[in-house]
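K.L.:
here are the coordinates; sequence isn't available:
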């Protein structure tokens, strides 16, 4: 069985964390591709969080990338037995909006803007990983709403937005391990070499 996994990045671009995620899910049967939402493939350092956020909102947004990514996914469906999608932060919100496509699975990791697109009804198994706390809204209320969706599985882990990324100030080692295991089980991929990340 041939499988393709697409990864949608955070506001920072295809950085080391996103590349590490790609390596985590790659194996003999699985090809992983990171889709850059930035036409110039730029990468923002973490210190430029506000600048990165403003660039994403003003230059990319949550609507413009959908057509391009849909085309990429549908093309991949003709070559692969399974096509899956994983997104982080803004990428998670885009992944949520694309969950109505003919995919075999979607993972959304701390996609806080999902709350603005609750009219979306995923047509495939969709795993939504949430932090225990977000500055701008009540995470528990969002979790309750998502739990009512038939094909959606939610998991909530201790920490704030960005807790899976060991370069992020909000990195939480235990929650990172739990999330990584959860995603791997959802994709039914055996983990390899991921437990050696810094505490």
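P.N.:
Everything's here; your move. Since the structure is predicted, the reported quantities are computational estimates derived from the model, not experimental observations.
K.L.:
does the residue most central in space within the chain belong to a helix, a strand or coil?
P.N.:
Compute the mean C-alpha point of the chain, and by CA atoms, centre = their mean the closest residue is residue 87, 1.8 Å away. Secondary structure state of residue 87, per DSSP: H, G, I helix; E, B strand; the rest coil, is strand.
K.L.:
same question, residue 84
P.N.:
At residue 84 the chain is in strand, as set by three-state DSSP.
K.L.:
for it, what are its contacts?
P.N.:
Listed by CB atoms under 8 Å, 6 or more residues apart in numbering, the contact partners of residue 84 are 3, 4, 5, 6, 103, 104, 105, 106, 107, 187. No exception for glycine: its C-beta is placed from N, CA and C like everyone else's.
K.L.:
any stretches of this protein with poor pLDDT?
P.N.:
189-199 (pLDDT under 70).
K.L.:
what about residue 59, neighbour count?
P.N.:
13 (other CB atoms under 10 Å).
K.L.:
what number of residues lie near the residue nearest to residue 132 when sequence neighbours are not counted?
P.N.:
Nearest residue to residue 132, sequence neighbours excluded (CB to CB, 6 or more residues apart in numbering): residue 158, at 5.0 Å. For residue 158, the neighbour count with other CB under 10 Å is 12.
K.L.:
circling back: what separation do you get for the residue nearest to the centre of the chain and residue 173?
P.N.:
Note on residue 87: its distance to residue 173, by CB to CB, to the nearest Å, is 22 Å.
K.L.:
what's the answer for residue 6, then?
P.N.:
To residue 173, residue 6 is 27 Å away according to CB to CB.
K.L.:
the more surrounded of the two?
P.N.:
Each of residue 6 and residue 173 has its neighbours counted (other CB under 10 Å); residue 6 has more, 24 against 14.
K.L.:
distance from the chain centre to the helix or strand hosting that one, please.
P.N.:
Residue 6 is part of strand 3-8 when elements are defined by DSSP states H and E. Relative to the chain's own centre, strand 3-8 is displaced by 10 Å; criterion: CA atoms, centre = their mean, to the nearest Å.
K.L.:
angle of that strand against strand 82-88?
P.N.:
Going by axes from the mean of the first three to the mean of the last three CA atoms, to 10 degrees, strand 3-8 is angled at 20 degrees with respect to strand 82-88.
K.L.:
all helices for the protein, in order.
P.N.:
16-25, 49-55, 64-77, 90-97, 139-147, 173-187 (DSSP state H).
K.L.:
buried ones in the last one?
P.N.:
Buried residues in helix 173-187, counted by 16 or more other CB atoms under 10 Å: 175, 176, 177, 178, 179, 180, 182, 183, 184, 186, 187.
K.L.:
list the contacts for residue 101?
P.N.:
Taking CB under 8 Å, 6+ apart, one finds 70, 73, 74, 123, 124 in contact with residue 101.
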